[in-house]
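**Student:** Return a 3D structure for these sequence lines:
(one chain, ligands or ions: 1)
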Amino acid sequence: MTTTIGVLALQGDVREHVHALEAAGARAVPVRRTRELEAVDGLVLPGGESTTIDKLLRIFELRDPVRDAIGAGLPVYGSCAGMILLADRIEGGIEDQQTLGGLDVTVRRNAFGRQVDSFEVDLALDGVDDGPVRSVFIRAPWVEQAGPDVQVLARIPDRTVAGAGVGEAAGKIVAVRSGRLLATAFHPEVTGDWRVHALFVRLVTEARRSQSGHVRSL
Ligand SMILES: NC(=O)CC[C@H](N)C(=O)O
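**Tutor:** Sure, this is the predicted structure:
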């Protein structure tokens, strides 16, 4: 059976993730309702605006169901705003901004500066073979602090990039994994290189297999 992955479709670049997931071999469906959430093997939280997605999650009454699903072990990949939503702690959020949480990291929102400070860079990513990944940062966060169980997959290289505050950015963590949660500060869905999505599809497929194995062994 094909792995089905939902893309939270409240705001952000939903279409790009649907396309990337399908190119990486999964079936991809938009998720706006609880019953749609219940039908997926994994979920992508897209790039966009974390403050808006946070508000819409509450309006659509999806915040608690998504939090519960994460707590129950649903594999989730967050890209940019999605990384912010997965973080347990946030710096630079607006008043009352909440995250879904699950990932033991502190993210700094808009860490690289403003929209004009957006940039691209080639990153070596742990778990992704065949060379560096072209990584697009658009008003991106970085991970300020990661807990002991969080695996760092990529950091900003020393020689770097255009834009304000970049000296400070060298060495910052921009991709992490913890159990079934994966997050990148950048947007692999816009580059035509589907290796990060393929990594997530593998993670979801393995989680599904180990679950059905578990059910069989009961
Ligand atoms: N490209 C993005 O997803 C930008 C994230 C945005 N700055 C936020 O705070 O949500």
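
**Student:** So which residues on the chain come close to the ligand?
**Tutor:** 47-50, 80-81, 84, 109-110, 138-139 (Cβ under 6 Å from any ligand atom). Where C-beta positions appear, they are placed from N, C-alpha and C, glycine not excepted.

**Student:** filter those residues to the buried ones?
**Tutor:** Buried members of the residues of the chain next to the ligand, counted by 16 or more other Cβ atoms under 10 Å: 47-48, 50, 80-81, 84, 109-110, 138-139.

**Student:** can you map out the helices along this structure?
**Tutor:** 14-23, 34-38, 50-59, 63-71, 81-86, 166-169, 195-217 (DSSP state H).

**Student:** The closest residue to E16 other than its chain neighbours: neighbouring residues, count only.
**Tutor:** Spatial nearest neighbour of E16, excluding adjacent residues (Cβ to Cβ, 6 or more residues apart in numbering): E189 at 4.1 Å. Neighbourhood size, E189 [other Cβ atoms under 10 Å]: 29.

**Student:** same deal with S210?
**Tutor:** S210: 10 neighbours (other Cβ under 10 Å).

**Student:** Let me see the contact set for it.
**Tutor:** Applying Cβ atoms under 8 Å, 6 or more residues apart in numbering to S210 gives no contacts.

**Student:** Turn the helices of the chain into TSV, including mean pLDDT and distance to D129.
**Tutor:** Output for the helices of the chain, formatted as TSV (pLDDT from 0 to 100; distance: least, Cβ to Cβ, whole Å):
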stretch	mean pLDDT	distance to D129
helix 14-23	98	17
helix 34-38	98	32
helix 50-59	98	30
helix 63-71	98	28
helix 81-86	98	22
helix 166-169	70	26
helix 195-217	85	8
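
**Student:** Just say which of those is most tucked in.
**Tutor:** Among the helices of the chain, the stretch with the highest mean neighbour count (mean count of other Cβ atoms under 10 Å) is helix 81-86, at a mean of 29.
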